[in-house]
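Chemist: I'd like to go over a predicted model; first the sequence, then the structure.
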Amino acid sequence: MALDKHDPVPFTVTVHLLRCKRCRNIVRAMTTAACMYSRALSDTADSDDKLVQKTMDKINKTLPDLVSLRSESSAPNVHILPWVIIGITMIIGLGSVPFTEIGRWASENFQLKFVIPFALVFASFVSIFSALFVGRNLDFFVKKFDLKDGN
């Protein structure tokens, strides 16, 4: 979802649209109206003038190209693969620290004074990363799972 100049929708508005069915329906109706407005006209020129007819034919031939270019440029690019790769790398990296030489040394010398803070920091990193992942790709998840209001 984007604003007129393809600016991202503010986070608070996105959260509101997730919770408010009435506003979500209004946005859908406005989006449908905008799509109908941007479709190519099927009207032909009613004039007998050959120049007007040729001009309208050329316009009608180029309109689908312009509409497809605009829709491709406004489609959001969701790249989930880098997020998944970084997340898996982070989990494997942080999860393997206790089994390395430094991790074994720290757990032997510091015992629970190392294990508990490390587990809390590890859990915090994973939670923050997950929140950023969902927050950055919120539109993707809303469209993917077609979240509907129970009202």
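Modeler: Thanks, I have it.

Chemist: Model confidence score at Phe114, please.
Modeler: At Phe114, the pLDDT value in this model is 84.

Chemist: where's Tyr37, which helix or strand?
Modeler: Taking DSSP states H and E as the criterion, the element that holds Tyr37 is helix 21-38.

Chemist: Give the other helices and strands that that helix contacts.
Modeler: Contact here means 3 or more Cβ pairs under 8 Å, 6 or more residues apart in numbering; DSSP states H and E; on that basis helix 21-38 packs against helix 11-19. Quick note: C-beta positions are derived from backbone N, CA and C, even for glycine.

Chemist: what angle separates the helix it packs on from helix 21-38?
Modeler: Direction vectors for helix 11-19 and helix 21-38, defined by axes from the mean of the first three to the mean of the last three Cα atoms, to 10 degrees, enclose an angle of 100 degrees.

Chemist: Following element in sequence after the helix or strand of the chain with the lowest mean pLDDT, please.
Modeler: For the chain, the helix or strand with the lowest mean confidence is helix 50-74, at a mean of 69 (criterion: mean pLDDT, DSSP states H and E). Beyond helix 50-74 in the direction of the C-terminus, DSSP H and E gives the next helix or strand as helix 81-96.

Chemist: Tell me which other helices or strands whichever helix or strand comes after that next one touches.
Modeler: Past helix 81-96, further along toward the C-terminus, the next helix or strand under DSSP H and E is helix 101-110. Helix 101-110 sits against helix 112-136, with contacts defined as 3+ Cβ pairs under 8 Å, 6+ apart.

Chemist: What are the buried residues along the helix it packs on?
Modeler: Within helix 112-136, the residues that qualify as buried by neighbour count (16 or more other Cβ atoms under 10 Å) are Phe114, Phe118, Phe122, Phe133.

Chemist: Okay, angle between it and helix 101-110 too, please.
Modeler: Computed with the same axes, to 10 degrees, the direction of helix 112-136 lies at 130 degrees from that of helix 101-110.

Chemist: quick one on the thing from earlier: from the buried residues of helix 112-136, which is closest to Pro10?
Modeler: Distances from Pro10 to the buried residues of helix 112-136, taken as Cβ to Cβ, are shortest for Phe133 (19.2 Å).

Chemist: how close does the closest one sit to Ala29?
Modeler: Using Cβ to Cβ, to the nearest Å, one obtains 31 Å as the distance from Phe133 to Ala29.

Chemist: what do you get for Ala131?
Modeler: Relative to Ala29, Ala131 is positioned 32 Å away (Cβ to Cβ).
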